[in-house]
Every structure is written in C-alpha cells, then in structure tokens.
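>>> Got a predicted structure plus its sequence, pasted below:
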Amino acid sequence: MSAALPPGIPVAAPHAHAGGSVRRVMAKVMLALLPATLYGFWLYGWPAFHLFMFTIMFALCGEAFALRLMRRPVAPMLLDGSALLTGWLLALSLPPWAPWWIGALGGLFATLVAKQLFGGLGHNLFNPAMIARVALLISFPVPMTLWVAPLPLGSVGAPDFVAGLQITLAGIPQLDAVTSATLLGHAKTELSRGIDLLHAAANAPALSYIGDRAGSLGETAALLIAGGGIALIFMGVISWHIPFAMLAGIALPAFIGHAIEPARYLDVATHLLSGAVLLGAFFIATDYVTSPNTRRGQLVFGAGCGLLTWLIRTYGGYPEGVAFAVLLMNALTPAIDRLVKPRIYGRDRKGKPREPAAAKT
Amino acid sequence: MGLIEKVFSLLEPAHWGVHPADRKRPAADVPVRGLPLPARLYVPLQQHIGAAARPVVLFGQTVLKGQLLAEAQGATSAAVHAPTSGIVSAIGDISAPHPSGLSFPAVTIEADGDDRWADAGIAVDPFGLPPQEVATRVAAAGVVGLGGATFPSALKLGLGLRAKIHTLIINGGECEPYLSCDDRLMRDAPDEIVDGIRIMLHATGATKALVGIEDNKPEAIAAMTAAARDFPAIRIASVPARYPMGSEKHLFSALTGQEVPADGRTTDLGALVHNVGTAWAVHEALRQGRPLVERIVTLNGGAIDMPGNIRVPVGALVADVLAFVGLKTEPARLVMGGPMMGNRLPHARVPVVKGTSGILALTANEAAQLDPGPCIRCSSCVRACPVGLLPLEMSARIGIDDLNGAVAFGLKDCIACGCCSFVCPSRIPLVHYFNHAKGELAAQGRAQLRNESAKRLAAARIERLARDTQEKAAAAARRKAERAAQKAAEKAAAGTTAAGAAAEAAQQASKEVVA
C-alpha cells in the first residue's frame, strides 16, 4: 500500500488506538540487540565498533538517497529506525575486523538495492541485511571469511581507538597473528581434506558459550543474542513460532546425523551456537516484512529456514548457510501466505460456509 | 478435525479480538442523572434500520408525551413517539448524527414543560396475550435494537416465532470502551430487564435465555443474577472482557460454543440475540404502555467535566447534553457511540436518537491520530481480526482498486469492528478501507443491476422491432396474395358476366349522387 494517503482523510472509527508505532517496534528490537552488540565491541575492540558505525552510516545514506530520489519525506522515514536496524543487523553478521568498504558497500546495498529498489519499507521480498551479506560473501569471499580471535578491550595488544580506526580503514597488520578459523569453517575444511570430525576435533577451535572464539559479533555473543530474542518474545514484538521452528529445524537433523555418524556430522550444540543461527532465528528470520502472516505459516517458514541451514552447512559448498536459508525461505513466503490462511469465522479452511450440523459439534 | 489440524491448534491457540483500555470507570459508577428537559426536541423520523417513519401529526398540533408522531412505513420500519408534551413547531430537515453532516427529516417539538404522558391505556398481563400480539405492541411502542444496530425489535421477535427459536441470547457485553449505559441499566433496573426477557421468551416461544455480561462488570452480573434467581429459564453468564464480544455472532459463540455458518444467522441455530436495553424497552412497552422515548446515554471522554450516564429524551441535542455535564476543554473530537465503531459528529447540534449509546468528547491525546505509514506486514491485524481475515492483504488489494481481490480474501465477512485499525502500528485506517470497498461494491452491484435491466429492455426492444417488421412483412405478403387472388377472380368474373358489370356501374353512379 502506498505510504501517502491523501491529506485530510476523513476521521473514521476507531477513535482509539493501541498505541504502537513502527518506530517503537524498531526501538525495541534494537534494545534487545544492545547487550550482544556492546559485548561484541568489548570482545573485538575498536575495529568492530568502527565497522559497525560505517555500516550503519552507509545504510542510512543509501536510504536517504533513495527516498530523496523518489521525492518521499526523508526525515520521518529515516527516523522510523528500519534502515538503522538493517545496518545494525548486517554489521552483526560481518567479520568484526573487516575493512570499512565492506561495511559501506554492504550498508548501501542493503537499503538502496535490497530495500528501496523493491519499493521501500514493507515491500522488499528478501531480508535486506541478508541480501547484502550474501552479495558481499559472493563478491569478496576473502575479507568476508577472515575472522579474528577475540582481543578484548584493555587486553594486551588490543588496538586503541586510533589503531582500531587504522585497522578498519587500512587493513589488518600482521594478518597471521590474529586470524583464526571459525568452528564451522574448520569443520568444512577438514572434511574436504578427508579428515573426519573425530580427528579434526583435536585441533579445532573450542566451542565457547561466552564467545571466546572467532566469529561475527552476532555469533560469538550467542547467549546474549538468545536472551535478547527471548526478551523480544516477552515484549510481544515477535512470537516464539519462527525461532522455535528454526532451531528445531536445525537441531533435529543435527541430532539424528550426529547420533548415526559423529565422524561426518557436527553435534547439535555446535550447530546452534555457531554462525548466525541464533541471530537468524530471533532477529533475521522474524523480520515482519519477509516472513509469513500467520502463526502456522511462520512455523513452516521457521522449520524451512532451520532445515535448509543444516543442509547447506552439511552438504553445501559454504561452511555457513543461515543467510542462504533465510533468503530461500523469503522467496517462498508469498507461496506460504497463499497456502496457509487463517480460518474465517463460520467457514471451513477452504472458505466454504460451515454446515450448521458441523458447527454444532 | 484431522491430526495435523489438532497439532496445529495446540501450537496456535484460538484467539481473536483486542483488549483496549476500557475507561468505563469512573463514569460507570456515577448514579444516573436525568437531563433537564430542553426547550426544543428534534425527533428524527429515521432512527432505525429500514424506511423512515411517516409523520401523522400536523404543524402546530399539541402532542402529549408518548403520543405517536410518525407511524412505521413499509416492511422494515419503526414508529416514532413524542418524547415530551408540547407543540409541533416544525416538520422538516435537520442535521443527522453522521460524519457527513447531511440532513434528514425530523419533527420538532416545542416543549410545554409539563412533560405530561398520554393515557397509557389499561395495563394487561403480557403473558395472557398471544405471542403475535406482544410483537405488535412492541412494534407500536417503536422499540428498536438498542445495542447500536437499531433493527426494529418487533420484526426480530416475529422472526423468532417463524424460525423456531429455542434460545434467547441477551447481549449485556457492552464491549466498547468508555460506554457504560447497559452496565448502569443492569445495575439499576435488573428486575425490569428480567421481566422484559420473560416477555420476550413468551413472544418468541424460546425456552431459555442466556444473558452474556463481560466480566469487567461484576456489579451488573451480581444485580442481574439476583434478579433472575427465581427464573430458572434465565441464566446469567459471565464472558471474558474482550472486544468485540458484543458482536452478535461472537457472543453467541462464547455462550454456546457453536459457530454461526458464514452467510447464516444465529436464528439458523435456534438462537435470537437482543440487547439488555431492548429487554428493558419491551418491559416498559408491555407493562407501562410506554413507547421508547428516552434512553440512558453515557457521557464520557477526557474533555467532559462530570462524566456519567444521563437519562436523555430522544431528540435532545448533543449540545444540550454536553452543556449539562460540562466541558473541561474544547474536545478534539466528538463521537456518537463507542470509540471503536462510533461515528464522529460534525458538530454538537445533532439530536440524540434511540441508538445513541454514548457521546464521547475526546481530547487530542485520547483520539487516535492517523498519520499512516507503510504496512510493515507485522500481521498484528491478522491476529486481532475476530473473523480470521487478512486485513493487510485486503487493504493492499483495495489500495490498487482490486476489489474482487479483496473479496477473495474475505472482505464480505468483515464485521467492521475496527480491531485491525486499532492495533496497526503504521496507523493505517484499515477498516475505513474495508467500509469504503463494501460501499463501492454495493454501488457496483446496483449499477450492474441497472445495466442488466437496461440490457434486458434493449434486447426486448430489438426483439419487438424484429417481430414487428416480420409481422408487417408477413401482413404485406398476405395482402399481396389476397389482392392477386382477387384480381384473378375479377378477371374470371369480367369475362362471364357483362350484365353484372353494367349493374355495378349503375351502383357506383348512385353512390356518387349520395356523396
């Protein structure tokens, strides 16, 4: 629907309103992301902060530019927080020490191409942050898979504000010193070399619940992300259906696979805590615009995201599959919405009026 | 229900409607006050669904309170009575209580201040009357559904007799926020309501009555339960407070666990729904012989100085009532009815009618401000919809004038309750879209009927013209054949009788003389 209703539309019922607004929804989501983000800043230091700022700034620039081109009101639509949130989610999924232009290109791509080209807020078929992440991954595979081990603020060798800015702007000095593989990447590499997981586990990076491992901001702070997501459910911003179905969609095949052949298949905990699974389940797949309307449809959608993630991770060419899985399910959302509709009062699921006899049961 | 359906219904419990802040108190707890009789009352002839009533009084005529001003006209209509004694000072158009501010006909009465009732006639025992006679008296008293729809009650009672009703559902839900006129009536006049229900049971032939009252009105539930204690046929049931519980089909479902089939009515399942206010009006009509000329109106909203329930004669101006309760500030919006489905009033110089449940003077903070943004597909509206529709999909279709697309998503099942607009974070006036689309469809339907009948007439004309030409051609051919036959006969005759020809000539000559 077009944003611009004619001014002075007649005042019609209802004369009361529940009080919610788009800006408030976005603010709640950002509030839920804040603990994980701050923790990530501490864990990876100033470069992570600088990359985050670059990504958001360019996401906002892309949005403002597109709104200006379309002659839409820039300030109110920029202030609804949706572009800010898109940039934020993208930044959480990037390697924390990636160069500034990764964040800049990603931010611009997310709002300008993935969102505004489709018609702006509410009209994009695919999740903008994930589109941008996948575009970056395919175009620039090296910087997008260069992960650093955590170097918390204040620890020995952690870059200060200026050094951090230099890393973001000019690249990482002494690359080998700090980079490290992620768990999923390590597993994929070893398997492709013909080494099974039982042997590979010896020199694998440890799975750390508190994030003491390489990965993106959203990955390492997995528990804080999950906490934020659960808070969102309690705030009523999202429902449990998509996260639950997505986590179950990964956990179930992972459990079965690992039980049958542990040398080939990673275990459940590794799957759930690695990559963008928790960020994806609670914050990405639950994106209103690109997920189904009905609770039932959301269960189907979430389960699909989970299952596809597991399939891509296990059999695909990339170690991580959340972004691809979410995008594939985004493409299916219109179909799900077409097939899964709520039952109308007095009608059966097919839309035929109920027989009075059937209604009496 | 299949297995998959069962699993899904466990994962996704049924829910509908919204829980707006009810804001009924403190207005609901203030005793009812009577409005001082205004000097002039404007009694509209159209206060009900159906055709306007036909005036039976004359300009300058003196009328008594309760005297018939206008009689029902047509199959669906209701009588209108004088709300006070006085003189008919005008019969003509006044502003209607509708956002359009359009005018409609009304009888204006200059009150004489005596407020003298017309002779009510001899009170009879309503249970001694045949059911049809009860309905007739309800019709004569001009009783209409006081829940808001204002459908003539007598017609509904008659329908009940024909449809073999076994259950009477009495709607004491009052799910609209701010309103408490039904609550107040149930607290103050439970015996009268229960008596009205018993009369309606008698009139419809139903064997039991279920009174549904939302659980946010404990005083009303207590009062009604006490009043109905001696009548086992009447059961008072508490239902959860949730909007739109007062919707006929939803209250029916909440009380009986059954669901009314789409395109059907509760009467198909043997139940008839009436409002508590209607039960009270039936009691007044049958026991006191008093027609419906006044009602309790809730005056509420942040701009009102002394909110509460006011007994108002039909035809009093909203301005009179507002002056009585006082205004703290200039209201940002005047609403007749509840905040969810009520109409914005263009100004306060419109009369209170039989269906006026409340008058709200809302401040700018209370009144929902519409500054619509784009739909973010949050599907809040999907979960709020009590009917199970997809408001976001319907409005997207209507936005591009694809009305048939919206119908495919169930537009015609929409009950216009406004839950979707209420919850929409983008503040899209969804229900306004649906009402617009329904009006547009109705207009299209009428235009189509007109077109079809024009087409039929045109086709008939073409057919008639073709038939005419054909008949003319046939007639011409026939005449030609006749003439040819005649000529042939004459030729044959001319050869044989010369004498005959001479005689004919003589005849011709004599004709010319006469001429």
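Here it is on my side, so go on.

>>> C-alpha only now, for contacts and for neighbours.
Will do.

>>> Look up how far chain B lies from A:Pro353.
Distance, A:Pro353 to chain B, by CA to the nearest CA, to the nearest Å: 5 Å.

>>> Number of residues surrounding the residue nearest to that residue when sequence neighbours are not counted?
In this structure, A:Pro353 finds its nearest non-sequential neighbour in A:Arg347, 4.2 Å apart by CA to CA, 6 or more residues apart in numbering or on different chains. Residues near A:Arg347, counting by other CA atoms under 10 Å in any protein chain shown, number 21.

>>> which bits of the stretch 51-200 of chain A sit near chain B?
Residues of the stretch 51-200 of chain A found near chain B (CA under 8 Å from any CA of the partner chain) are A:Leu121, A:Gly122, A:His123.

>>> Check which residues of stretch B:129-148 are buried.
Residues of stretch B:129-148 classed as buried: B:131-132, B:134-135, B:137-148 (neighbour count, 16 or more other CA atoms under 10 Å in any protein chain shown).

>>> how deep is A:Val237 tucked in, by neighbour count?
A:Val237: 18 surrounding residues under other CA under 10 Å.

>>> closest point of the stretch 401-515 of chain B to chain A, which residue?
In the stretch 401-515 of chain B, the residue that lies nearest chain A is B:Pro425 (4.0 Å; CA to the nearest CA).

>>> Name the nearest residue to that residue, ignoring sequence neighbours.
Per CA to CA, 6+ apart, closest to B:Pro425 is A:Ser21, 4.0 Å.

>>> and the residues of the stretch 51-200 of chain A next to chain B as CSV, adding neighbour count?
What follows is those, written out as CSV (neighbours: other CA atoms under 10 Å in any protein chain shown):
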residue, neighbour count
A:Leu121, 20
A:Gly122, 21
A:His123, 20
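
>>> Show me which of those is closest to chain B.
Comparing those against chain B with CA to the nearest CA picks out A:Gly122 as the nearest, at 4.4 Å.

>>> For the stretch 1-150 of chain B, which segments are assigned as helices?
Along the stretch 1-150 of chain B, counting by DSSP state H, counting those that start in this stretch, helices occupy B:3-11, B:131-140.

>>> Go through these and find the least confident stretch.
Mean pLDDT is lowest for helix B:3-11 among the helices of the stretch 1-150 of chain B, at a mean of 64.

>>> For the stretch 151-300 of chain B, what lies in contact range of chain A?
Counting by CA under 8 Å from any CA, the stretch 151-300 of chain B comes close to chain A at B:Gln258, B:Glu259, B:Val260, B:Pro261, B:Ala262, B:Asp263, B:Asp268, B:Leu269.

>>> rerun that using 10 Å as the cut-off
B:177, B:249-250, B:256-264, B:268-269 (CA under 10 Å from any CA of the partner chain).

>>> pLDDT check: weakest of those residues?
Where pLDDT dips furthest among those: B:Asp263, at 83.

>>> excluding its backbone neighbours, what's nearest that one?
Setting aside the residues directly before and after it, B:Asp263 is nearest to A:Pro353 in space (CA to CA, 6+ apart), at 7.1 Å.

>>> now B:Ile221
For B:Ile221, ignoring the flanking residues on the chain, the nearest one in space by CA to CA, 6+ apart is B:Ile213 at 6.6 Å.

>>> in the sheet, who's paired with that neighbour?
Applying DSSP bridges to B:Ile213 gives these bridge partners: B:Gly172, B:Ser238.

>>> Mind checking which residue lies nearest the centre of chain A?
The centre of chain A sits closest to A:Ile284, judged by CA atoms, centre = their mean, with a distance of 3.5 Å.

>>> returning to that earlier point: which residues touch the residue of the stretch 401-515 of chain B closest to chain A?
Contacts for B:Pro425 (CA atoms under 10 Å, 6 or more residues apart in numbering or on different chains) come out as A:17-25, B:372-381.

>>> What is the neighbour count of B:Gly212?
Using other CA under 10 Å, B:Gly212 has 27 neighbouring residues.

>>> Look at it and report its pLDDT.
On the pLDDT scale, B:Gly212 gets 95.

>>> I figured it hits B:Leu255, correct?
Yes: assessed by CA atoms under 10 Å, B:Gly212 is found in contact with B:Leu255 at 7.0 Å.

>>> Need the overlap of contacts for those two.
With CA under 10 Å, 6+ apart as the test, B:Gly212 and B:Leu255 both reach B:Ile169, B:Ala237, B:Ser238, B:Val239.

>>> What's the PyMOL syntax to select whichever of these are buried?
Restricted to buried positions by 16+ other CA under 10 Å, the PyMOL selection for the shared contacts of B:Gly212 and B:Leu255 reads:
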select buried, chain B and resi 169+237+238+239
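
>>> In CSV: the shared contacts of B:Gly212 and B:Leu255, plus pLDDT and distance to B:Asp230.
Formatted as CSV, the shared contacts of B:Gly212 and B:Leu255 follow (pLDDT from 0 to 100; distance: CA to CA, whole Å):
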residue, pLDDT, distance to B:Asp230
B:Ile169, 94, 18
B:Ala237, 94, 16
B:Ser238, 94, 19
B:Val239, 93, 22
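
>>> wait, which of the shared contacts of B:Gly212 and B:Leu255 is closest to B:Arg33?
Nearest to B:Arg33 among the shared contacts of B:Gly212 and B:Leu255, counting by CA to CA, is B:Ser238 at 27.4 Å.

>>> Tell me which residues of stretch A:252-262 come out buried.
Across stretch A:252-262, burial judged by 16+ other CA under 10 Å covers A:Pro253, A:Ala254, A:Phe255, A:Gly257, A:His258, A:Pro262.

>>> again, but for stretch A:32-44
Burial within stretch A:32-44, assessed by neighbour count using 16+ other CA under 10 Å, is assigned to A:Ala32, A:Leu33, A:Leu34, A:Pro35, A:Ala36, A:Thr37, A:Tyr39, A:Gly40, A:Phe41, A:Trp42, A:Leu43, A:Tyr44.

>>> Then stretch A:62-76?
Residues A:Gly62, A:Glu63, A:Ala64, A:Phe65, A:Ala66, A:Leu67, A:Val74 are the ones in stretch A:62-76 that count as buried (16+ other CA under 10 Å).

>>> what's the lowest-pLDDT member of those?
Scoring the buried residues of stretch A:62-76 by pLDDT puts A:Val74 last, at 85.

>>> roughly how far apart are the nearest residue to B:Tyr178 once chain neighbours are set aside and A:Val134?
Counting by CA to CA, 6+ apart, B:Tyr178 lies nearest to B:Lys24, which is 4.4 Å off, once chain neighbours are set aside. According to CA to CA, to the nearest Å, B:Lys24 stands 54 Å off from A:Val134.

>>> With B:Val314 instead?
Separation of B:Val314 from A:Val134 (CA to CA) stands at 68 Å.

>>> Could you check which of those two is surrounded by more residues?
Under the criterion of other CA under 10 Å, the comparison of B:Val314 against A:Val134 puts B:Val314 first, with 27 against 19.

>>> Kind regards, and thank you for your time.
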